[in-house]
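# model this:
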Amino acid sequence: MGLPPDQQKPQKRKISKTRLIGAVVLFIVGFLVLSAGISLFIYNQDTEDNGFVYSNIYPVDSSAHAFALYMNAYKISTWGWLGAENIAEMQFIVRNKNPSKELFTGVATTQQSESYRQSFRCEFPTFWTWNAQPYWAEININTTLVEGQDAPASLPDAQTFWRISAKTTDTAVMTYLPLDQQHIWFIMNSDGSSDITADIQIGFKSPILTILPLVFLPLGIVLCAGGAAMLFFKRKNIPTI
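As a prediction, the model looks like this:
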């Protein structure tokens, strides 16, 4: 004879195979998303308050009328569908080391500004590299060349081809991303005189990387919680009539 119903041991709740697979998938995906969010959050702590990471400083000390740097276009391919403004922001930073002179700095395409550069005495790197990517920026200039003889016939501020420009006796910070074609970064005295003394630096940030942790962290928690719910909470059976 079997035991009375009130003395029978309760049977362990069985989890269906489909439910178990679903819970494991949610746990794995949730863990990956949560890990990505934590990693990005940690990496973002190494940036400045505004999200930028900054390169080393290169000192400019030129006897020419301008110091110019050719810059190839910044390439955005893999995540370009998100929009360049969400992928990359770049800063051009110039610190004037001679406050008795106002310093002009500007960025223009090579096509539009090359004839102006060639019209006066200018110094530029013969080979240099700049690296701007999330959490890393670098300027590497080895040798420079001085070309031309004369002073500029017209002042830099009078030119109309600048994509972005600034004048300062202290520090100029310009935010601009050189896309599509080669650009030139000019550093000059506003009055067109010779002898340029300044410190230059670039900054870079990827705006999307400051937003993703706010998405990944709560999403990862929700996915992991969903996996736990599938394992430990039994769906109540609704009796049929």
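# residues contacting the closest residue to A153 other than its chain neighbours?
Among residues not flanking A153 along the chain, S119 sits closest, at 6.4 Å (Cβ to Cβ, 6 or more residues apart in numbering). Any C-beta I mention is one placed from the backbone N, CA and C, and that applies to glycine too. Each residue near S119 by Cβ atoms under 8 Å, 6 or more residues apart in numbering is listed here: 148, 150, 152-153.
# in this structure, which spans are strands?
53-54, 58-62, 66-71, 89-96, 103-109, 122-133, 136-147, 164-168, 171-175, 183-189, 196-205 (DSSP state E).
# want to try TSV for those, with distance to V222, mean neighbour count and mean pLDDT as columns?
TSV is the format used below for the strands of the chain (distance: least, Cβ to Cβ, whole Å; neighbours: other Cβ atoms under 10 Å; pLDDT from 0 to 100):
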stretch	distance to V222	mean neighbour count	mean pLDDT
strand 53-54	31	18	90
strand 58-62	47	16	94
strand 66-71	43	22	94
strand 89-96	30	21	93
strand 103-109	44	24	95
strand 122-133	31	16	88
strand 136-147	32	14	91
strand 164-168	42	16	94
strand 171-175	35	16	94
strand 183-189	44	24	95
strand 196-205	28	22	93
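# And the protein, what are its domain boundaries?
Segmentation of the chain into domains, based on automatic domain parsing, reads 16-44+210-232, 53-76+84-206.
# How far does the first one sit from its chain's centre?
Translated: domain 16-44+210-232. Distance, stretch centre to chain centre, for domain 16-44+210-232: 26 Å (Cα atoms, centre = their mean, to the nearest Å).
# end to end, how far does it reach?
End-to-end distance of domain 16-44+210-232 (Cα to Cα, to the nearest Å): 12 Å.
# Which strands or helices does the lengthiest helix in the chain pack on?
Longest helix in the chain, counting residues (DSSP state H): helix 17-44. The contact analysis (3 or more Cβ pairs under 8 Å, 6 or more residues apart in numbering; DSSP states H and E) places helix 17-44 against helix 207-232.
# between the contacts of S119, which is closest to T47?
Of all the contacts of S119, T47 sits closest to P152, with 37.8 Å by Cβ to Cβ.
# Thanks a lot, catch you later.
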